[in-house]
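[1] Fold the following.
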Amino acid sequence: MIVDVLGKPAFAYTGGRRFDAAQPTAVFIHGAQHDHSVWALQSRYFAHHGFNVLAPDLPGHCRSAGPACVSIGALADWLAALLDAVGATTVFVAGHSMGSLVALDFAARYPARAARLALVGTAVPMRVSDALLDAALNREDEAIALVNRWSHATLAAKPSCPGPGAWLHGMNQRLMERVAATGEPHLFHTDFAACNGYMEGLERAADVRCPVRLVLGAKDMMTPPRAARALADAFTAAGVPADTITLDAGHAIMSEQPDATLDALYDFARPLTALSSA
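    I've put the predicted structure just below:
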C-alpha cells in the first residue's frame with residue numbers, strides 16, 4: 001500500500017492483507033541498497049498467521065519517495081511516522097543489516113512502541129571500510145558486485161529459495177541494480193555512510209525495554225557473529241532480556257535459510273497474538 005509519511009508517498013508491503021486493528025503488527029526493515037522484497041518469504045507468512053504486516057521501502061528506495069535519510073536516527077523517526085500514518089501503536093519490529101540499526105534505534109527512541117525486537121545480521125558498530133565507501137560513491141557497479149559476493153555463503157542454498165533452480169546471487173544482484181536505477185544518485189553510499197556513522201548503538205541498547213532476539217549467520221562475512229557480541233553484552237548489562245540464534249548462513253540470512261529465519265522470528269513474535277486475543 002501507499003501511505004503519506006511526512007508529506008511524501010511511501011510504499012509498505014502488507015502480505016496481501018488489509019490492516020486489522022484487532023491484530024498485532026509486525027514491521028520488517030530492509031538493509032542498504034535493498035527494498036521490502038528481501039523479507040517476502042517471512043513477511044507473507046506473518047500476514048496470514050495473525051499479524052498485520054508492514055514491510056516498507058525506506059525513503060528513496062524503489063517505491064518510496066526520497067530524499068533518502070542520511071542517518072539511522074532519521075530513519076528511526078521516519079519509521080515512527082509511518083506507524084502514525086497507519087494507526088499502529090505497539091509493534092514487533094525486525095531489521096536486517098542497516099535495518100537492524102534502524103530497528104534498534106527505533107526501539108530505544110520509542111520504547112513504548114516496540115513490543116519485541118529482532119536484529120538479523122547485525123553488528124554494532126557497523127563499520128564500512130573506506131575502500132567500500134569509495135566504491136559505493138564512485139564505482140557503484142563494483143560495490144554491488146563485491147557486496148553481493150560477500151553476502152552469500154553458498155552458491156546454491158539447500159533447499160533452494162524460493163524454489164529449485166533459483167539463483168540467489170543473481171536475484172540479489174538484480175535487486176541492488178534495480179534500487180540503483182530507480183533511486184537517487186549515490187544511494188548505496190548514503191546507506192553505507194549512515195551505517196558507518198552510527199556510533200550510538202551500544203548506548204541505545206540500554207534504552208530498549210522489550211525482549212530482543214539476535215539472528216546471526218555463522219558464515220556471515222559482512223556482519224560476522226563476533227561483531228554482535230558487544231551488543232549482546234550491552235543488552236545483558238542493561239537487564240534487557242535477549243537471546244541469540246545462529247544459523248548456517250551468510251549475510252543473506254533470509255534467503256539462504258528462509259524457513260529457519262521464519263521460525264526464529266515467528267516463534268519469538270507469536271506471544272503477541274495471544275495478547276491481542278485476550
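[2] From now on I want contacts and neighbour counts done on CA atoms only, so please keep to that.
    Will do.
[3] Going by neighbour count, list what's buried in the helix or strand of the chain with the lowest mean pLDDT.
    Every helix and strand of the chain was ranked by mean pLDDT, DSSP states H and E. The lowest is helix 271-277, at a mean of 79. Neighbour counts using 16 or more other Cα atoms under 10 Å place 272-273 of helix 271-277 among the buried residues.
[4] check contacts around residue 2.
    Listed by Cα atoms under 8 Å, 6 or more residues apart in numbering, the contact set of residue 2 reads 9-12.
[5] Between the two ends of stretch 126-145, what distance do you get?
    Using Cα to Cα, to the nearest Å, one end of stretch 126-145 lies 20 Å from the other.
[6] Show me the contact partners of it.
    With Cα under 8 Å, 6+ apart, stretch 126-145 has contacts from 173, 176-177, 186, 188-189, 192-193, 195-196, 198, 223.
[7] so which strand or helix has residue 181?
    helix 168-182 (DSSP states H and E).
[8] For the next helix-or-strand element following that helix, which outside residues touch it?
    Reading on from helix 168-182 to the C-terminus, the next helix or strand found by DSSP H and E is helix 187-196. Residues outside helix 187-196 that contact it (Cα under 8 Å, 6+ apart) are 32-33, 60, 68-72, 98, 101, 125-128, 133-134, 136-137, 140, 180.
[9] 6 Å - rerun?
    Helix 187-196 is contacted by residues 32-33, 70-72, 126-128, 136-137 when judged by Cα atoms under 6 Å, 6 or more residues apart in numbering.
[10] now swap in stretch 209-229 and tell me
    111, 115-123, 150, 241-251.
[11] again with stretch 16-28
    51-55, 91-95.
[12] can you give me the helices in this protein?
    40-47, 72-86, 98-109, 130-138, 140-151, 168-182, 187-196, 201-205, 229-237, 253-256, 258-269, 271-277 (DSSP state H).
[13] Return the first one as CSV; C-alpha atoms alone will do.
    C-alpha atoms of helix 40-47 as CSV (Å, rounded to 0.1, in the frame of the first residue of the first chain):
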residue,chain,number,x,y,z
ALA,A,40,9.0,-11.7,1.2
LEU,A,41,9.4,-15.3,2.4
GLN,A,42,8.9,-14.3,6.1
SER,A,43,6.5,-11.3,6.0
ARG,A,44,3.8,-13.1,3.9
TYR,A,45,3.7,-15.9,6.5
PHE,A,46,3.2,-13.4,9.3
ALA,A,47,0.4,-11.7,7.3
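[14] can you give me the angle it makes with helix 258-269?
    40 degrees (axes from the mean of the first three to the mean of the last three Cα atoms, to 10 degrees).
[15] chain center to helix 40-47: distance?
    14 Å (Cα atoms, centre = their mean, to the nearest Å).
[16] Buried ones in it, by neighbour count?
    For helix 40-47, by 16+ other Cα under 10 Å, it's 40-44, 46-47.
[17] and the contacts of stretch 209-229, which are buried?
    111, 115-123, 150, 242, 244, 246-247, 249-251.
[18] These in strands, which ones?
    Residues of the buried ones among the contacts of stretch 209-229 located in strands (DSSP state E): 115-120, 242, 244, 246-247.
[19] Pick the one among those closest to residue 270.
    residue 116 (10.1 Å; Cα to Cα).
[20] Name whatever forms a beta bridge with that closest one.
    residue 92 (DSSP bridges).
[21] what do you get for the one 4 residues further on?
    According to DSSP bridges, the partner residues bridging residue 120 are residue 96, residue 215.
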